[in-house]
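> Quick one, what's the 3D model for this:
(chains A, B, C and D)
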There are 2 protein chains.
Amino acid sequence: MVNRQMTPASKLGDQGDVLSNAARLFREKGFERTSLKEIAEACNMLPGSLYYRYNSKEALLVELMRRGVDLVTAEVESAYASSDDPVERLRLCIKAHLRALLVDSDAVYVLLFEWRALGPEAREEIIELRDQYESLWAEILETMIEQGVIRKNVDGRLLRLIGLGALNWVATWFDPNGAHSLDAIGDLIWQIAMDGVINKGGQA
Amino acid sequence: MVNRQMTPASKLGDQGDVLSNAARLFREKGFERTSLKEIAEACNMLPGSLYYRYNSKEALLVELMRRGVDLVTAEVESAYASSDDPVERLRLCIKAHLRALLVDSDAVYVLLFEWRALGPEAREEIIELRDQYESLWAEILETMIEQGVIRKNVDGRLLRLIGLGALNWVATWFDPNGAHSLDAIGDLIWQIAMDGVINKGGQA
DNA sequence: GTCTATACTCTGATAGAC
DNA sequence: GTCTATCAGAGTATAGAC
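Prediction:
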């Protein structure tokens, strides 16, 4: 449902992007419930042909997840660089993360929800990459705490994990045809994180 | 790692609770990566014996998820009933949800993270049960909005989904031996939802 | 690069003895 | 209720032709 920028050769011989097709299927059905046969079919190929590109099903998944990390990192870094105001910057980064997860590519979803399909070695690599990405968020939040924008008694790490949880879980319920746009949802999450929802004083 | 209340006959012939063993394995490895052989071994049985109790692997999963809904519902309803103050009630319900998900049973985790393993029919049933549970949260939040405790311009449904997302994702990173207790995490989520994290006025 | 053909393994599931 | 024995099917992966 994502990544619909069709290359010229999309009618037949859609071997253009095995990863995109795999990502979509892994997202829709999960890694274990998707067979190489299905992936091959989506690429107009036969199962055996996939092994020319990837040594195993897991290698394909790993490559996919690397792409996911790259993508979400680029998106958030770009948002980070587009403002100097820490509060506004946070708002933009929240929306960038949501966009990467729900609009740009299925790879980010797979990265976040299918890591249990990885063996020990691959898991270690991907966790490391994910931690690198999250360190970007650590920087954003710690800066805000140091500058006194966020109350100093708030634990930055917990705040990061809780916030990313709220963001990541959006992928399980967001409806592109629903009443609220992804940007509106991002704004609300930002607003809750900043001001909370309690009604102080007058009837707001 | 959970549900360690051993029944007397726990040495051998641990057929006492197939569901508990399955829940633990499904949580640790995922539904598809857990074979009936493994489940049977954990129960000191052989694979074929499981079919006396459940007609299929999926039937076992469904029964497990029903248990998960019952458990988390009971826990949150109990918390709900233990206070009349809406704000305090919310705090207690948040902690109850976390407890059900991370301490009481592996079934709640499986319910939340393995629903894609269900076929269409079973999925419909479980989604319905999950929606019933979530309606409990809808009630909590809508009441707070009506009473003016939560700002009236906040969308109750979005707030519920965002909040439950933050809570559910805790299951992916919580460390029982870590620096923060589950209750402390619950309190922080509650505090963020209520007041936000921004530093208004003095150096708090 | 892709296809053909196939090997090997594992899994969920069944039937009937005990 | 549990075990024994077994099946049919699907899945990943490989080797070699083209």
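> for chain A, which spans come out with low pLDDT?
For chain A, residues meeting the criterion pLDDT under 70 lie at A:1-16, A:202-204.
> what residues does it put near DNA strand C?
Selection of chain A residues close to DNA strand C by C-beta under 7 Å from any atom of the strand yields A:13, A:15, A:40, A:44-49, A:52-53. C-beta here means a position set from N, CA and C on the backbone, and glycine is covered the same way.
> Adding secondary structure and neighbour count, write the residues you listed out as a markdown table.
Formatted as a markdown table, the residues of chain A next to DNA strand C follow (DSSP: H, G, I helix; E, B strand; the rest coil; neighbours: other C-beta atoms under 10 Å in any protein chain shown):
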| residue | secondary structure | neighbour count |
| --- | --- | --- |
| A:13 | coil | 10 |
| A:15 | helix | 16 |
| A:40 | helix | 19 |
| A:44 | coil | 16 |
| A:45 | coil | 20 |
| A:46 | coil | 11 |
| A:47 | helix | 13 |
| A:48 | helix | 9 |
| A:49 | helix | 14 |
| A:52 | helix | 9 |
| A:53 | coil | 14 |
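> quick check, nearest of the residues you listed to chain B?
Closest approach to chain B among those (C-beta to the nearest C-beta): residue A:47, at 18.7 Å.
> Just the buried residues of the host helix or strand of residue A:95, please?
Secondary-structure element containing residue A:95, defined by DSSP states H and E: helix A:86-99. Residues of helix A:86-99 classed as buried by neighbour count (16 or more other C-beta atoms under 10 Å in any protein chain shown): A:86, A:89-99.
> distance of residue A:170 from residue B:181?
As defined by C-beta to C-beta, to the nearest Å, residue A:170 lies at a distance of 27 Å from residue B:181.
> Same drill for the two, tell me which one is more crowded.
In this view residue A:170 and residue B:181 are compared by other C-beta atoms under 10 Å in any protein chain shown, and residue A:170 has more residues nearby, 21 against 11.
> Please verify my assumption that the more buried one contacts residue A:99.
No. Here residue A:170 lies out of contact with residue A:99, judged by C-beta atoms under 8 Å, at a distance of 11.0 Å.
> what is in contact with these two at once?
Each of residue A:182 lies in contact with both residue A:170 and residue A:99 under the rule C-beta atoms under 8 Å, 6 or more residues apart in numbering or on different chains.
> What separation is there between residue A:45 and residue A:19?
As judged by C-beta to C-beta, residue A:45 and residue A:19 stand 13 Å apart.
> And the strands in chain A, which stretches?
Listed in chain order, the strands found in chain A under DSSP state E amount to none.
> For residue A:193, give me its contacts.
Residues counted as contacts of residue A:193 (C-beta under 8 Å, 6+ apart) are A:90, A:159, A:163, B:192, B:196-197.
> cool, and residue A:47?
Counting by C-beta under 8 Å, 6+ apart, residue A:47 has contacts A:35-37, A:40.
> For DNA strand D, tell me which of the residues you listed show up nearby.
Checking those against DNA strand D by C-beta under 7 Å from any atom of the strand, the ones in range are A:35-37.
> By neighbour count, which of those residues wins?
residue A:36 (19 neighbours).
> isn't that one right up against residue A:49?
No. With contact defined as C-beta under 8 Å, residue A:36 and residue A:49 do not form a contacting pair (9.7 Å).
> Give me the common contacts of the two.
Looking at what touches both residue A:36 and residue A:49 (by C-beta under 8 Å, 6+ apart), there is no common residue.
> Quick one: distance of the biggest helix by length in chain A to the chain centre.
The residue-count maximum for a helix in chain A (DSSP state H) belongs to helix A:120-146. The chain centroid and the centroid of helix A:120-146 are separated by 13 Å under C-alpha atoms, centre = their mean, to the nearest Å.
> tell me the angle of it relative to helix A:86-99?
Taking axes from the mean of the first three to the mean of the last three C-alpha atoms, to 10 degrees, one finds that helix A:120-146 is oriented at 150 degrees with respect to helix A:86-99.
> Does helix A:120-146 reach DNA strand D?
No. Using C-beta under 7 Å from any atom of the strand, we find that helix A:120-146 stays clear of DNA strand D, coming within 11.6 Å at best.
> Can you tell me which helices and strands that helix packs against?
Packed against helix A:120-146, as judged by 3 or more C-beta pairs under 8 Å, 6 or more residues apart in numbering or on different chains; DSSP states H and E, are the following elements: helix A:57-81, helix A:86-99, helix A:156-169.
> OK, contacts around the closest residue to residue A:82 other than its chain neighbours?
Across the structure, with C-beta to C-beta, 6 or more residues apart in numbering or on different chains as the measure, the residue nearest residue A:82 apart from its sequence neighbours is residue A:92 (6.0 Å). Each residue near residue A:92 by C-beta under 8 Å, 6+ apart is listed here: A:79-80, A:82-83.
> got a list of what the closest residue to residue A:172 other than its chain neighbours touches?
With sequence-adjacent residues excluded and distances taken as C-beta to C-beta, 6+ apart, residue A:172 is closest to residue B:165, at 7.6 Å. Contacts of residue B:165 were listed using C-beta under 8 Å, 6+ apart, and they are A:165-170, A:172-173.
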